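Novice: Generate coordinates for the sequence data below:
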Amino acid sequence: MTTSSSERGVSLGMPELPAPGYPDDVRARLEADAHEIIARYPDSRSALLPLLHLVQSQEGHVTRTGMQFCADMLDLTTAEVTAVATFYTMYRRRPSGDYQVGVCTNTLCAVMGGDAIFETLQEHLGVGNGETTDDGKVTLEHIECNAACDFAPVVMVNWEFFDNQTPGSAKRLVDDLRAGRPVEPTRGAPLCTFKETARILAGFPDERDGAVEAGGSAGPASLVGLRLARGEAAPARVVHPRDGGPHEEPQDRVVHEPSPAEHLSSHDAPQDTSASDPAHPAGPTAEEGE
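Specialist: Reported below is the predicted structural model:
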């Protein structure tokens, strides 16, 4: 007795049906935004990246409908749009949460506690890498370096920085996000939803009060080279002589004294949430208050 291909679960390679279109009112609004974006570029094809952010702001991820829309607006094939949408990790290909929580697990963050934070959050939230909590609030993922090594280990929420984290502080962070409690990034603009972030990345102004004025910069350790280039400090000798001789101190060294308002990294001074906090001598793998 033979079985059919459908009974065996074998695909016959039939092409997918065309992507459904946006409702008329949604498409009209997106077209107006798309024309504004395309007008910024001498070659319309260059507008593809911001257009993908635009459609992501509509549904929270890049759907087949969104890719078809981009192809129509730019006179591209869906294959060309798909090739770009699948290359860049900032474009989500499936539904995701209101808050994208990314834990840096690159070298420095990992050894400072990033791996421990990521493992703790997976267990605490009950999700794996790239998965979303049942309430649709949080999508967890490990991310590559975000150039914030001064503040390792770093967690990002919708691309806003949360510096000097520990497993305990990261758990409190995601609990606050899921409960709708106010959460303030360590640096940068106030937090908004992932869809709102996507629209900003599409190139539209952030109209929230104080968002544009919000500041934040690299830590003192990252800025040492810049200060040296400007002649603001003399090079300090880091490695002591191997023969145990006297340590030569430069005579004209200018010591940087950070102001009280300056945000220090865990490599400059202990912070309450830092792995170097004396209250947590076991380092970043210690559970805080648990």
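
Novice: could you give me the average pLDDT of stretch 63-76?
Specialist: The predicted model gives stretch 63-76 an average pLDDT of 94.

Novice: Mind listing what's buried along it?
Specialist: Within stretch 63-76, the residues that qualify as buried are T63, R64, T65, G66, M67, Q68, F69, C70, A71, M73, L74, L76, counting by 16 or more other CB atoms under 10 Å. For the C-beta atoms, the positions are set from N, CA and C on the backbone; glycine is no exception.

Novice: Let's have those residues in a markdown table, adding distance to C109 and secondary structure.
Specialist: Below are these laid out as a markdown table (distance: CB to CB, whole Å; DSSP: H, G, I helix; E, B strand; the rest coil):
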| residue | distance to C109 | secondary structure |
| --- | --- | --- |
| T63 | 32 | coil |
| R64 | 35 | helix |
| T65 | 36 | helix |
| G66 | 32 | helix |
| M67 | 33 | helix |
| Q68 | 38 | helix |
| F69 | 37 | helix |
| C70 | 34 | helix |
| A71 | 38 | helix |
| M73 | 38 | helix |
| L74 | 37 | helix |
| L76 | 37 | coil |
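
Novice: okay, these in a markdown table with distance to A110 next?
Specialist: Converted to a markdown table, the buried residues of stretch 63-76 look like this (distance: CB to CB, whole Å):
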| residue | distance to A110 |
| --- | --- |
| T63 | 33 |
| R64 | 36 |
| T65 | 38 |
| G66 | 34 |
| M67 | 34 |
| Q68 | 40 |
| F69 | 39 |
| C70 | 36 |
| A71 | 39 |
| M73 | 41 |
| L74 | 39 |
| L76 | 39 |
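
Novice: just curious, which of the residues you listed is nearest to R181?
Specialist: T63 (30.7 Å; CB to CB).

Novice: Now for that closest one: which residues touch it?
Specialist: The contact partners of T63, by CB atoms under 8 Å, 6 or more residues apart in numbering, come to A19, V55.

Novice: Spatially central residue in this structure, please.
Specialist: With distances taken as CA atoms, centre = their mean, the residue of the chain nearest its centroid is W159 (3.4 Å).

Novice: Name all residues that make contact with that residue.
Specialist: Q100, T197 are the contacts of W159 under CB under 8 Å, 6+ apart.

Novice: Okay, strands next: where are they in the stretch 1-150 of the chain?
Specialist: Using DSSP state E, counting those that start in this stretch, the strands of the stretch 1-150 of the chain run over residues 99-104, 131-132, 138-143.

Novice: nope, the stretch 151-290 of the chain is what I was after
Specialist: Assigned by DSSP E, counting those that start in this stretch, the stretch 151-290 of the chain shows strands spanning 155-157, 160-162.

Novice: Packed most tightly, which of the ones you listed would that be?
Specialist: Highest mean neighbour count of the strands of the stretch 151-290 of the chain: strand 155-157, a mean of 23 (counted as mean count of other CB atoms under 10 Å).

Novice: Mind pulling up the pLDDT for the residue nearest to the centre of the chain?
Specialist: 88.

Novice: Please verify my assumption that E80 contacts A71.
Specialist: Yes. The pair E80 / A71 is scored as a contact, 7.2 Å apart, by CB atoms under 8 Å.

Novice: Point out where this protein drops to low pLDDT.
Specialist: Within the chain, the set of residues satisfying pLDDT under 70 comprises 1-16, 210-217, 233-290.

Novice: Export the longest helix seen in it to CSV, keeping only CA atoms.
Specialist: When the chain is parsed with DSSP state H, its longest helix is helix 24-38. The C-alpha coordinates for helix 24-38 follow below in CSV (Å, rounded to 0.1, in the frame of the first residue of the first chain):
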residue,chain,number,x,y,z
ASP,A,24,-6.1,50.7,2.5
ASP,A,25,-5.7,53.2,5.3
VAL,A,26,-2.5,51.6,6.6
ARG,A,27,-1.0,51.5,3.1
ALA,A,28,-1.9,55.1,2.4
ARG,A,29,-0.1,56.2,5.6
LEU,A,30,2.9,54.0,4.9
GLU,A,31,3.1,55.3,1.4
ALA,A,32,3.2,58.9,2.5
ASP,A,33,6.0,58.0,5.0
ALA,A,34,7.8,56.0,2.3
HIS,A,35,7.8,58.8,-0.2
GLU,A,36,9.3,61.1,2.5
ILE,A,37,12.1,58.6,3.1
ILE,A,38,12.8,57.9,-0.6
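
Novice: Can you give me the buried ones in it?
Specialist: By neighbour count with 16+ other CB under 10 Å, helix 24-38 contains the buried residues R27, L30, D33, A34, I37, I38.

Novice: Equivalent analysis for stretch 220-230, please.
Specialist: Buried positions in stretch 220-230, judged by neighbour count with 16+ other CB under 10 Å: P220, S222.
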